[in-house]
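I would like the atomic coordinates for the input below:
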Amino acid sequence: MKFNRFKQIVAMAALVVFSSVGMAEPASVIDAKANEAIRQFTQKVKGGQKFLEQSKGYLVFPSVYKGGFVVGAEYGEGVLRVNGKSKYYYNIASGSVGFQLGVQKTSYIIVFVSQGVLNNFIKSDGWEAGVDGSIAVADWGVGKDISSISFEKPIVAFVFNSKGLMYNLTLEGTKFTRIVPH
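Purely as a prediction, here's the structure:
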């Protein structure tokens, strides 16, 4: 119980640090960065475009920054796309305690396979991975066409464009909060 409280305190500290950096980027900037991340994703992942088109919606976080040495933090801003159109903007933030080391910038695309889960996500006032829904982190091989894969989880995350080195990849405990870009 005390350890969970400590993790909450660390997460809150991370949120304060990252939120004090500044307000959300303008929607046009987030959209442009998301478009580039989607372009890179569909070039690198065979069947990626078709998979996104078949989804109920997807979150694109083009730049997620993560760093830690025992205590870690993660932050990024992105957009929810439904039918290929920007619907809402979100930030992603987490804090963690445990064995972790390094600094990394990466991109996430989080795909909603189920309409019910997408609806719950949209209706929520802050959504936490692992509490409000389970996210499967996809692991695809070279030459594997993901559009033909059926995923058992209703939410699938793709992590790509990693720059830097970070030991520890999990989305459990990651908080998604709707933002209003300026």
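
all helices of the chain, in order?
2-19, 27-44, 48-54, 115-123 (DSSP state H).

just the pLDDT for residue 80.
pLDDT, residue 80: 97.

correct me if wrong: it contacts residue 89.
Yes: under the criterion of CB atoms under 8 Å, residue 80 makes contact with residue 89 at 7.5 Å. C-beta: built from backbone N, CA, C; applies to glycine.

longest strand in this structure, by number of residues?
strand 85-112 (DSSP state E).

output the contacting helices and strands for that one.
If you count contacts as 3 or more CB pairs under 8 Å, 6 or more residues apart in numbering; DSSP states H and E, strand 85-112 packs onto helix 2-19, helix 27-44, helix 48-54, strand 57-82, helix 115-123, strand 155-167, strand 175-179.

that one to strand 175-179, inter-axis angle?
Calculated by axes from the mean of the first three to the mean of the last three CA atoms, to 10 degrees, strand 85-112 forms an angle of 180 degrees with strand 175-179.

quick check: mean pLDDT of strand 85-112?
pLDDT averaged over strand 85-112 gives 87.

strands paired with that strand, and their directions?
strand 57-82 (antiparallel), strand 155-167 (antiparallel), strand 175-179 (antiparallel) (DSSP bridges).

where are the low-confidence patches of this structure?
1-23, 99-100, 130-134, 139-145, 147-151, 164-172 (pLDDT under 70).

at the geometric centre of it, which residue sits there?
residue 108 (4.7 Å; CA atoms, centre = their mean).

how near is that residue to residue 76?
Residue 108 is 7 Å from residue 76, where distance means CB to CB, to the nearest Å.

got it, and residue 28?
Applying CB to CB to residue 28 and residue 76 gives a distance of 17 Å.

just to revisit the earlier point, of all the strands paired with strand 85-112, which one is nearest residue 127?
Within the strands paired with strand 85-112, the stretch nearest residue 127 is strand 175-179; the backing value is 4.5 Å (CB to CB).

what does that closest one rub up against?
Here strand 175-179 makes contact (CB atoms under 8 Å, 6 or more residues apart in numbering) with 11, 15, 24, 59, 77, 88-94, 121, 125-129.

what is the neighbour count of the residue nearest to residue 36 when sequence neighbours are not counted?
Distances taken as CB to CB, 6 or more residues apart in numbering put residue 62 closest to residue 36, at 6.5 Å, once the chain neighbours are dropped. Neighbour count of residue 62, defined by other CB atoms under 10 Å: 26.

just residue 85 next, same as before
Residues lying near residue 85 (other CB under 10 Å) number 9.
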